[in-house]
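A.B. asks: Structure, please.
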Amino acid sequence: MKLGFHLGYWSSAPSDDERAAFSLAESLGYDSVWTAETYGSDCLTPLAWYGASTSTVKLGTNILQMSARTPAATAMAAMTLDHLSRGRFILGLGVSGPQVVEGWYGQPYPRPLARTIEYVELVRKFVRRDQPVSHNDGAFYQLPLQGGSGLGKPLRSMLHPLRPEIPIYLGAEGPKNIALAAEIADGWLPIFYSPRMDDFYRGALEEGFSKSGARRSLDDFDIAATVPIVIDDDIEKAADVVRPNIALYVGGMGAKEANFHNQVFVRMGYEAECARIQRLYLEGRKSEAIASVPLAMVEDVALVGSRDKIKEDLVRWEKTAVKTLLLQGLGYSSIEAVAELLA
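C.D. replies: Prediction:
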């Protein structure tokens, strides 16, 4: 497996160590570095700012939220960053959830899979630049716009792409979304991958690979899983670093009726635990919600504990379909220790 570093998104403010983290990850042979966004910091600006100090490591968005930008704006940013990085950019896309899509971006959420198909198709057309782009029969996007001034016309990017295709990865959690990633994308970005669920994930992926128009097979399709890792001889102390993030996603990142992160853990068998965590979180009892995350739930999706334990746990991951470990939650001083551990 390849090794990546997932910076994530900023909470209240950025860390002073982020530029150093990018450079250190590159110097230690990490394959990629990734940024994220939600309803705060964006993913493109930090990637360009910190990525400017690197020369070989791949630079990816995990994820760029589709509702934040039109397909044309996303294609422009992708081509620009691909040029600036000399062909190192990976475009990771995701739909987010209805709370963010409709509450923050003011865009409609329904039919996210169909919207994704159309969005990816248009981004590829813009990047390919083989002809002016027209898209008259789209369910979500029309180019030129129908019902406007009537003066719009199909256009082709003034910028020539460095590459006619930029790798596109999709963030996905449910089986239909995972199958769609396998069908139309170059990689999948799972946020809570459990080795115990590997057969389930392989089945969803195969559903997509089996479609007649699928671009790839499992052999040349990247699965870059975000995996928190905390090295500490006290396993409960290590798990305590990860528990707040799990509680946030299971309990508060999404509406009660539509929390897709919650359902990932329900499929793992934690239905009662998820219900309790969500109830406590939505009642404002966050510390209790965090304390309700059991150790087993943490160990399913993270690497926690002593160096020897993590070495043993890595055997499980090596047997999965995952091809890139995107390590997260390290504390920047741990990047070197993790590289040594996984060497």
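
A.B. asks: what helix or strand does Leu7 sit in?
C.D. replies: For Leu7, the host element (DSSP states H and E) is strand 2-8.

A.B. asks: And Gly60, by the same measure?
C.D. replies: With DSSP H and E as the test, Gly60 turns up in strand 58-61.

A.B. asks: if we can go back for a sec, now do the strand holding Leu7: which elements does it pack against?
C.D. replies: Secondary-structure packing of strand 2-8 (3 or more C-beta pairs under 8 Å, 6 or more residues apart in numbering; DSSP states H and E): helix 18-27, strand 32-35, strand 324-328, helix 335-342. (Glycine included, C-beta is placed from N, CA and C.)

A.B. asks: Single out the most deeply packed of the ones you listed.
C.D. replies: Most buried of the helices and strands packed on strand 2-8, by mean neighbour count (mean count of other C-beta atoms under 10 Å): strand 32-35, with a mean of 26.

A.B. asks: Of the helices and strands packed on strand 2-8, which is nearest Val100?
C.D. replies: Val100 sits nearest to strand 32-35 of all the helices and strands packed on strand 2-8, at 16.8 Å, using C-beta to C-beta.

A.B. asks: when you compare where the helix or strand harbouring Ala225 runs with where strand 324-328 runs, what's the angle?
C.D. replies: Secondary-structure element containing Ala225, defined by DSSP H and E: strand 222-231. If you take axes from the mean of the first three to the mean of the last three C-alpha atoms, to 10 degrees, strand 222-231 sits at 40 degrees to strand 324-328.

A.B. asks: Now for His83: which residues touch it?
C.D. replies: Contacts here follow C-beta atoms under 8 Å, 6 or more residues apart in numbering; on that basis His83 touches Leu159, Pro161, Leu162.

A.B. asks: nearest to Gly171, of the residues you listed?
C.D. replies: Closest approach between those and Gly171, by C-beta to C-beta: Pro161, at 23.3 Å.

A.B. asks: ok, back up a step: what is the orientation angle of the strand holding Leu7 with strand 222-231?
C.D. replies: Using the same axes, to 10 degrees, strand 2-8 lies at 70 degrees relative to strand 222-231.

A.B. asks: Just the mean pLDDT for strand 2-8, thanks.
C.D. replies: Across strand 2-8, the average pLDDT comes to 91.

A.B. asks: how about the helices in the stretch 51-200 of the chain?
C.D. replies: 71-84, 98-103, 112-128, 175-184, 198-209 (DSSP state H, counting those that start in this stretch).

A.B. asks: could these go into CSV alongside distance to Ala224 and mean pLDDT?
C.D. replies: Conversion of the helices of the stretch 51-200 of the chain to CSV gives the following (distance: least, C-beta to C-beta, whole Å; pLDDT from 0 to 100):
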stretch, distance to Ala224, mean pLDDT
helix 71-84, 17, 98
helix 98-103, 22, 92
helix 112-128, 17, 97
helix 175-184, 11, 97
helix 198-209, 13, 97
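
A.B. asks: tell me what the strand holding Ala225 is packed against?
C.D. replies: Against strand 222-231 (3+ C-beta pairs under 8 Å, 6+ apart) you get strand 187-189, helix 235-247, strand 303-305, helix 307-318, strand 324-328, helix 335-342.

A.B. asks: Show me what counts as buried in the second one.
C.D. replies: Counting neighbours by 16 or more other C-beta atoms under 10 Å, one finds that the buried residues in helix 235-247 are Ile235, Ala238, Ala239, Asp240, Val241, Val242, Arg243, Asn245, Ile246, Ala247.

A.B. asks: which one is the fifth one nearest to, not counting chain neighbours?
C.D. replies: Counting by C-beta to C-beta, 6 or more residues apart in numbering, Val241 lies nearest to Val230, which is 4.6 Å off, once chain neighbours are set aside.

A.B. asks: Specify the beta-bridge partners of that neighbour.
C.D. replies: With DSSP bridges applied, Val230 shows beta-bridge pairing to Val304.

A.B. asks: Dump the helices of the stretch 51-200 of the chain into TSV; add distance to Leu280 as well.
C.D. replies: Below are the helices of the stretch 51-200 of the chain laid out as TSV (distance: least, C-beta to C-beta, whole Å):
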stretch	distance to Leu280
helix 71-84	37
helix 98-103	18
helix 112-128	28
helix 175-184	27
helix 198-209	28
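
A.B. asks: Let me know which of those helices is the nearest to Thr54.
C.D. replies: That would be helix 71-84 among the helices of the stretch 51-200 of the chain, by C-beta to C-beta, at 11.1 Å.

A.B. asks: what is the orientation angle of that closest one with helix 112-128?
C.D. replies: 50 degrees.

A.B. asks: Only C-alpha atoms, please: export helix 71-84 in PDB.
C.D. replies: Presented in PDB, the C-alpha positions along helix 71-84 are these (Å, rounded to 0.1, in the frame of the first residue of the first chain):
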ATOM      1  CA  PRO A  71     -18.500  22.000 -13.200                       C
ATOM      2  CA  ALA A  72     -16.700  24.700 -15.200                       C
ATOM      3  CA  ALA A  73     -15.300  26.400 -12.100                       C
ATOM      4  CA  THR A  74     -14.100  23.000 -10.900                       C
ATOM      5  CA  ALA A  75     -12.500  22.200 -14.200                       C
ATOM      6  CA  MET A  76     -10.800  25.600 -14.300                       C
ATOM      7  CA  ALA A  77      -9.300  25.000 -10.800                       C
ATOM      8  CA  ALA A  78      -8.200  21.500 -11.600                       C
ATOM      9  CA  MET A  79      -6.400  22.500 -14.800                       C
ATOM     10  CA  THR A  80      -4.800  25.500 -13.100                       C
ATOM     11  CA  LEU A  81      -3.500  23.400 -10.200                       C
ATOM     12  CA  ASP A  82      -2.400  20.600 -12.500                       C
ATOM     13  CA  HIS A  83      -0.300  23.100 -14.400                       C
ATOM     14  CA  LEU A  84       1.200  24.700 -11.200                       C
END
